[in-house]
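Asker: A predicted structure for the sequence below; I have some questions about it.
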2 protein chains.
Amino acid sequence: MPTKIIESVPNFSEGRRPEVVQAIVAAVRGASGGARVLDISSDADHNRSVLTLAGNESEVRASILRLFEAALEHIDLRTHQGEHPRLGAVDVVPFVPVREATMADCVRLARAIGEEVASRFHLPVFLYEEAASAEHRRNLAEIRKGEFEGLSRKMSDPLWAPDFGPAQPHPSAGAAVIGAREFLIAFNVNLNTPDVQIADRIARAIRHSSGGLRYCKAMGVALSERRIAQVSINMVNFKKTPLHRVVEMIKSEAARYGVAVVGSEIVGLVPNDALLSAAEFYLRLESFHVSQVLENRLADPGA
Amino acid sequence: MPTKIIESVPNFSEGRRPEVVQAIVAAVRGASGGARVLDISSDADHNRSVLTLAGNESEVRASILRLFEAALEHIDLRTHQGEHPRLGAVDVVPFVPVREATMADCVRLARAIGEEVASRFHLPVFLYEEAASAEHRRNLAEIRKGEFEGLSRKMSDPLWAPDFGPAQPHPSAGAAVIGAREFLIAFNVNLNTPDVQIADRIARAIRHSSGGLRYCKAMGVALSERRIAQVSINMVNFKKTPLHRVVEMIKSEAARYGVAVVGSEIVGLVPNDALLSAAEFYLRLESFHVSQVLENRLADPGA
């Protein structure tokens, strides 16, 4: 049996000074016994970077601790500006079950690392999503409301006491939001119209917040260069709300405006199972099992 | 980089005496430095068994040599009967590129193992498919025509001299057909009609031999227990004739008879890429790359 693999996608508040991003990434890569760095992406408008790491619990823990150490050394939120809302130097750290690991493993890891980060770096830590300690603290956007600048006042409300660490923000690093969630697939669907209002209407039809699919977030976006509109989607639980259901619903809603789907794209990484499940649906496979996939059999002949 | 993995799917002429099948499989499993046995299937009507092995070149070679040794010890074609055409005790041994390996690797391996088998076991060996030495010897059915019983006469024709080994059949083991081919996917599509003639007409429409898709073989089959008809398909090159094209063509042909596809099944193993390519088609993915699959990135972070 392969060992448990957990993914972590920490976001930190620097995307403009390449030398600082490089120094932080180098620290994470150099963490002794650390996880593998699968992806790095920085955005200057957002002034923010996103790392994708994967490894077992101890490897992920080593990398995340090193990330906090390096980020707190280089980032001072008192002078930070960017379009993306943020609360801390290391703003948010989700743990995601990827292979053999369960959500319970990730919740446990989020709590353990949250506690360790709070005590080592004197940093308030909020737990979110599946690791949240109360229902009103599940949603990242709610926790982040008010941002770094409003944090001191927010934390004076007992409803927003941190889960771990001091009762006041860290002077330069604010607070960190640490939690556990399912794998998030960033998936965009392109329409053969430049009319972003149509993309917006379709987004409202498919997304959970306005009556659509339970694990789908979506908004309309204009792709000015290609002169087309796009439905930009976050699939926050591809096991319960699968890709094919979103695509079929978009096709049906688009047809109502005389518009067609011209293509789609996956941004970043996608779990193999999310694509196998689309193949299974469209090929109408009966009683298919992932142990029939040659590569799985090669990895585990007894499966 | 992972090492080259080659699959081999040897067919041997015993499917009725379980103790003989077990002895041969045990010999193959026990081959020192041998390949992994991924699958075994025996058929009493056919009086034939099929093994699926995978490993690097040296592992596959060790297992195949051991298979010939054990099969020649236990099988005597002079007393063998079965519904499936056969020429030898070990009847056919294809090598299939699976991971990092190329077709050229498999052709080279088929020739090297063919030569070694011929000299060690005094057995005539015919090369077939991609390893064939002449166009009229590519097709397995052509080589096998006349079967074991007609082999001595067939080999007296210079067109059918073996590629390696003696000019006459082995007395008890006949001859072996060894070659290289693409991965074969056994894929069945079920219709909501018990009328096998409709399945037959659809099979004729989609298969290469009667004007259909280049790498598709198909026939109609009645599933008496389920009271439905099935189009039973061998996809002999899923990269050039992909699954989705076959499914869409079957749907369209079936509609002409007022019939619908109720399901499909993959028999045995399927390469992950065959399913990803179906997902890519149906989800209309633009510029998708397999390095975006999380599991591939985990296996090779530099991809």
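Answerer: Perfect, I can see it now.
Asker: how would you label the residue lying closest to residue A:231 once chain neighbours are set aside: helix, strand or coil?
Answerer: Leaving out its chain neighbours, the residue that sits closest to residue A:231 by C-beta to C-beta, 6 or more residues apart in numbering or on different chains is residue A:189, at 4.7 Å. For glycine as for every other residue, the C-beta is placed from the backbone atoms N, C-alpha and C. Here residue A:189 is strand, with the state taken from DSSP: H, G, I helix; E, B strand; the rest coil.
Asker: if I look at residue A:189, how far off is residue A:180?
Answerer: Going from residue A:189 to residue A:180 by C-beta to C-beta, to the nearest Å gives 28 Å.
Asker: got it, and residue A:105?
Answerer: The span separating residue A:105 from residue A:180 equals 8 Å under the rule C-beta to C-beta.
Asker: what do the two both touch?
Answerer: Counting by C-beta atoms under 8 Å, 6 or more residues apart in numbering or on different chains, the contacts common to residue A:105 and residue A:180 are residue A:97.
Asker: about what we covered before: in contact with the residue nearest to residue A:231: list those residues for me.
Answerer: Residue A:189 sits next to A:230-231, A:233, A:246-247, A:250, A:261, A:263-264, B:284 when contact means C-beta under 8 Å, 6+ apart.
Asker: Can you tell me which of those is nearest residue A:292?
Answerer: Nearest to residue A:292 among those, counting by C-beta to C-beta, is residue A:247 at 24.1 Å.
Asker: got the end-to-end distance for stretch A:282-291?
Answerer: 19 Å (C-alpha to C-alpha, to the nearest Å).
Asker: cool, stretch A:153-173 as well?
Answerer: From its first residue to its last, stretch A:153-173 covers 16 Å (C-alpha to C-alpha).
Asker: Quick check: buried residues in it?
Answerer: A:154-155, A:160, A:162-165, A:169-170, A:172-173 (16 or more other C-beta atoms under 10 Å in any protein chain shown).
Asker: I'd like the list of these that fall within helices, please.
Answerer: Counting by DSSP state H, the buried residues of stretch A:153-173 place A:154-155 in helices.
Asker: Within the helices and strands, which one has residue A:244?
Answerer: Residue A:244 is part of helix A:243-255 when elements are defined by DSSP states H and E.
Asker: at contact distance from chain B, anything in that helix?
Answerer: Yes - contact between helix A:243-255 and chain B, assessed by C-beta under 8 Å from any C-beta of the partner chain, occurs at A:243-244, A:247.
Asker: need those in CSV with pLDDT and neighbour count, can you?
Answerer: Shown next, in CSV, are the residues of helix A:243-255 next to chain B (pLDDT from 0 to 100; neighbours: other C-beta atoms under 10 Å in any protein chain shown):
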residue, pLDDT, neighbour count
A:243, 97, 24
A:244, 97, 17
A:247, 97, 23
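Asker: out of those, which one sits closest to residue A:118?
Answerer: Checking the residues of helix A:243-255 next to chain B one by one against residue A:118 (C-beta to C-beta), the nearest turns out to be residue A:243, at 37.4 Å.
Asker: so what's the closest one closest to, chain neighbours aside?
Answerer: Excluding its sequence neighbours, the residue lying closest to residue A:243 (C-beta to C-beta, 6+ apart) is residue A:278, at 5.1 Å.
Asker: swap in residue A:72?
Answerer: Nearest one to residue A:72, counting by C-beta to C-beta, 6+ apart, is residue A:173 at 4.9 Å.
Asker: how far away is that neighbour from chain B?
Answerer: With distances taken as C-beta to the nearest C-beta, to the nearest Å, residue A:173 is found 29 Å from chain B.
Asker: and that residue, how far is that from residue A:165?
Answerer: According to C-beta to C-beta, residue A:173 stands 11 Å off from residue A:165.
Asker: Now do the strand ranked longest in chain A: distance to the chain's middle.
Answerer: Across chain A, the longest stretch assigned as strand under DSSP state E is strand A:90-99. Centre-to-centre, strand A:90-99 and its host chain are 7 Å apart (C-alpha atoms, centre = their mean, to the nearest Å).
Asker: Check which helices and strands it is in contact with.
Answerer: strand A:5-8, strand A:11-12, helix A:57-74, helix A:103-121, strand A:125-129, helix A:140-144, strand A:176-180, helix B:294-299 (3 or more C-beta pairs under 8 Å, 6 or more residues apart in numbering or on different chains; DSSP states H and E).
Asker: Sheet-wise, list the partners of it with their directions.
Answerer: Strand pairing for strand A:90-99, using DSSP bridges, gives strand A:5-8 (antiparallel), strand A:11-12 (antiparallel), strand A:176-180 (parallel).
Asker: How about the longest one, which residues are buried there?
Answerer: When neighbours are counted by 16+ other C-beta under 10 Å, the buried residues of strand A:176-180 are found to be A:176-180.
Asker: what do you get for the first one?
Answerer: Under the neighbour-count criterion of 16+ other C-beta under 10 Å, strand A:5-8 has A:5-8 buried.
Asker: for those, which one is nearest chain B?
Answerer: Using C-beta to the nearest C-beta, residue A:5 is the member of the buried residues of strand A:5-8 that lies nearest chain B, at 6.5 Å.
Asker: Nearest to chain B: which residue in the stretch 101-250 of chain A?
Answerer: residue A:247 (5.6 Å).
Asker: Just give the closest residue to that residue, not the sequence neighbours.
Answerer: Nearest one to residue A:247, counting by C-beta to C-beta, 6+ apart, is residue B:283 at 5.6 Å.
Asker: For the one you found, grab the count of nearby residues.
Answerer: Neighbourhood size, residue B:283 [other C-beta atoms under 10 Å in any protein chain shown]: 25.
Asker: what does residue A:245 give?
Answerer: 16.
Asker: if we can go back for a sec, report all helices and strands that the helix holding residue A:244 contacts.
Answerer: So helix A:243-255, by 3+ C-beta pairs under 8 Å, 6+ apart, packs with strand A:185-191, helix A:196-206, strand A:228-235, strand A:261-267, helix A:272-282, helix B:272-283.
Asker: relative to strand A:261-267, how tilted is the third one?
Answerer: With axes from the mean of the first three to the mean of the last three C-alpha atoms, to 10 degrees applied, the angle from strand A:228-235 to strand A:261-267 works out at 50 degrees.
Asker: Which residues does stretch A:209-227 contact?
Answerer: Against stretch A:209-227 from outside (C-beta under 8 Å, 6+ apart): A:182, A:188, A:190, A:194, A:196-208, A:229-238, A:240-241, A:245-246, A:249.
Asker: which parts of the lowest-mean-pLDDT helix or strand in chain A are buried?
Answerer: In chain A, no helix or strand scores lower on mean pLDDT, DSSP states H and E than helix A:294-299, which sits at a mean of 86. Buried residues in helix A:294-299, counted by 16+ other C-beta under 10 Å: A:294-298.
Asker: so which of these also contact chain B?
Answerer: Subset of those in contact with chain B: A:294-298, counting by C-beta under 8 Å from any C-beta.
Asker: buried sites along stretch A:119-131?
Answerer: A:121, A:123-131.
Asker: Could you tell me which residues of the stretch 51-200 of chain A lie near chain B?
Answerer: A:54, A:98-99, A:183, A:189-190.
Asker: What is the lowest-pLDDT residue among those residues?
Answerer: Lowest in pLDDT among these is residue A:99, which has 86.
Asker: That one: what's it in contact with?
Answerer: If you count contacts by C-beta under 8 Å, 6+ apart, residue A:99 has them with A:2, A:4-5, B:295, B:298.
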